[in-house]
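In: Sequence and predicted structure below; questions after.
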Amino acid sequence: MADQLPSVARFALKSWLSWRLRAVPSSRDAVHAPRLPLPHDRVKIGAVQWDATPVTHAEEWIRRVEHLFQQAQRTHCHLVVFPEYIALSLLGVVMPQQPSAQVLTDDTIRPLLRALAPAAYRFWYRWMQWFSRRYRMVTVAGSALTVHRGRVLNVAVIFDADGQECLSQPKWHPMEQEMRWGIQPGAGAMAPPYLPWGLTAVVCHDATYFETFRMAEAQGARIVAVPIADPEARYTEGKARRGCFSRVQDVPMVGVVAANTGQLFGVRLTGKAGIYVPAPLSPDGTGILAESAHPLGEGLVTAVVSLAELDAYRQQHRARYPLPPAEFLDALYQFDEETRA
Amino acid sequence: MAKLYLTMSEELPAPVRDADLAIWWPSRTVSAEEVRSWAGWSGTYLLARGDPDVWHAYRPNLSEWPSVALVVGQGRVWRFEKRYLAVIDPDTLMIPEVSRALALAGVAILISYGHDGPSPFLHPLWRAAQANQIFALRIGPEPRWYLPCEVDPAEEGVQPCRPEPGGWTVDFDFAQLGDARRRFPIQQGLRPSLYKSQAWWPHG
């Protein structure tokens, strides 16, 4: 694909972005909440809906993220989940403010992301890590782009309540548009989930595939966080329900969707933050424990989930709907990716 | 464009001459003879439910329409218009690997039964239609036609079947499935090598 951004421009933008994102968290007054033991059964979860509009100053991004942590703390959340590509709003600090400059083509985005992703990733990682420790909250930081051994990956990261990274998971199923932007699928094995909850994270389109949830279940996952950024100009319930909501019906789990919404460099994103369970585990039988009211805007939705109830339901579900035999599954996945692509 | 006709009448309904596929789903058990007599005037592919798990199936020329049984779960598969259609029981639908395997093998219409529950998006047939970008028919008190969101004008992936005297009809076009798969390529994104490397099933 044609590289429409000269290397000197890339270098200048990269240096400029690093300079604009130089803010580091203060080491003083870091911890803002007491350290409490994690519950083993009833976990209160907060799912973030984020407005993707590019910020003009890094401090604005920090302030908004902290506000969401404060909301989660006020509502006594043990776990908070942020959306996919939350760090991309930071690129606004080096983008011209004219509306025309906010609309990029695939050919421009590709080199731009490769050049700018590492600085935005470092900034996002540093601040999310700091906030998770400051608010003593297990945090799915959302996902951000990074360059690993020359490959651009979209990676979700989980921090524990001490700010230690406990899981890093690249997106396995990038969308076609992301592939055009140079983002490659993750290749490694799924990391063991965070205990005691069995918390893991998969990214957006990964939840289109029940296979992702089967792999997570086999690793011992019980809560799957799904940061999303759906490039859907028009929100419809049908399109929204075919991801995480459907997967937790297929493979019983708690599914937590954090959604990035709004305009991001010409791409319109819609989606709702939500917390989903298998339908029989929700009081009204809908499978929805909490969901934001609008597919645009910023906020937090929360719900309490019972992992003991989930475990009991999973046992029944497995007995009634057992996995097909190994030879069936070996045959099902015998085709070659290259020939199907 | 093809037309599917569904009737749940207990007795033979009035003739439907322009359907490509007719399904007779009464609550009582029907015999092969009854179905053959119906086929004589409808002149279409026919599927009728006999005893549980017994299907009477005929081509328009009244020859038997052969089928194969699923190797996992309860259901049967027929070849139809260069593709396949499958009838599958709701419990089998709850195992997503089965509908994945059927879709990869060329099944384009999945038929099952049951209620929607509190939302049409909770029915496993709707999930199977979206996950595999195929058509699906839910037979029940208010029959529903499921289709990939990409080719549904409302983008919800579910439509009511059109009421007709004695039953319901659905118009569909297999070309729509190719269109949906081009616009939102799910099958191309499958990663069998990854799934095999982290198999959730015991290695043989």
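Out: That came through, no problem.

In: which secondary structure element contains the residue in chain B positioned nearest to chain A?
Out: Nearest residue of chain B to chain A: B:Glu156, at 3.4 Å (C-beta to the nearest C-beta). For every residue, glycine as well, the C-beta is placed using N, CA and C. Using DSSP states H and E, B:Glu156 sits within no helix or strand.

In: ok, now A:Ser15?
Out: Applying DSSP H and E, one finds A:Ser15 within helix A:7-20.

In: Check which helices and strands that helix sits against.
Out: For helix A:7-20, the packing partners by 3 or more C-beta pairs under 8 Å, 6 or more residues apart in numbering or on different chains; DSSP states H and E come out as helix A:106-134.

In: residues of the helix it packs on that come out buried?
Out: A:108-121, A:123-125, A:127-134 (16 or more other C-beta atoms under 10 Å in any protein chain shown).

In: again with stretch A:329-337
Out: Using 16+ other C-beta under 10 Å as the test for burial, stretch A:329-337 gives A:329, A:332-333.

In: Tell me the one among these nearest to B:Ala69.
Out: Distance to B:Ala69, by C-beta to C-beta, is smallest for A:Leu332 among the buried residues of stretch A:329-337, at 17.3 Å.

In: what's the nearest residue to that closest one if we skip its chain neighbours?
Out: B:Ala101 (4.9 Å; C-beta to C-beta, 6 or more residues apart in numbering or on different chains).

In: Please tell me how far the residue of chain A found nearest chain B sits from B:Ala69.
Out: Nearest residue of chain A to chain B, counting by C-beta to the nearest C-beta: A:Gly238, 3.4 Å away. Relative to B:Ala69, A:Gly238 is positioned 32 Å away (C-beta to C-beta, to the nearest Å).

In: more neighbours, those two?
Out: Remark: of A:Gly238 and B:Ala69, A:Gly238 carries more neighbours, 19 against 10, as counted by other C-beta atoms under 10 Å in any protein chain shown.

In: Next up, the contacts around that one.
Out: By C-beta atoms under 8 Å, 6 or more residues apart in numbering or on different chains, A:Gly238 lies in contact with B:121, B:130, B:149, B:152, B:154-158.

In: now A:His317
Out: A:252, A:278.

In: pLDDT averaged over the helix or strand encompassing it, what's the number?
Out: For A:His317, the element it lies in under DSSP H and E is helix A:307-320. Helix A:307-320 carries an average pLDDT of 97.

In: one step back: quick one: secondary structure of the residue of chain A closest to chain B?
Out: With DSSP: H, G, I helix; E, B strand; the rest coil as the basis, the three-state label of A:Gly238 is helix.

In: and the residue nearest to the residue of chain B closest to chain A when sequence neighbours are not counted, what pLDDT?
Out: Closest residue to B:Glu156 apart from its sequence neighbours, by C-beta to C-beta, 6+ apart: A:Gly238 at 3.4 Å. On the pLDDT scale, A:Gly238 is placed at 97.

In: How about B:Glu156?
Out: 97.

In: How about residues contacting the very next helix or strand once past the helix holding A:His317?
Out: Next helix or strand after helix A:307-320 toward the C-terminus (DSSP H and E): helix A:326-332. Residues from elsewhere that reach helix A:326-332 (C-beta under 8 Å, 6+ apart): A:323-324, B:71-72, B:97, B:100-101, B:104, B:196, B:199, B:201-204.

In: my guess is A:Ser306 meets A:Arg42, correct?
Out: Yes. Look at A:Ser306 against A:Arg42 with C-beta atoms under 8 Å: they come within range, at 5.5 Å.

In: Give me the more crowded residue out of these two.
Out: Set side by side, A:Ser306 and A:Arg42 show more neighbours around A:Ser306, with 15 against 12, by other C-beta under 10 Å.

In: residue contacts, the more buried one?
Out: Contacts of A:Ser306 (C-beta under 8 Å, 6+ apart): A:41-42, A:281.

In: Quick check: it vs A:Pro278, distance?
Out: The value you get for A:Ser306 to A:Pro278, if C-beta to C-beta is used, is 12 Å.

In: All set, thanks.
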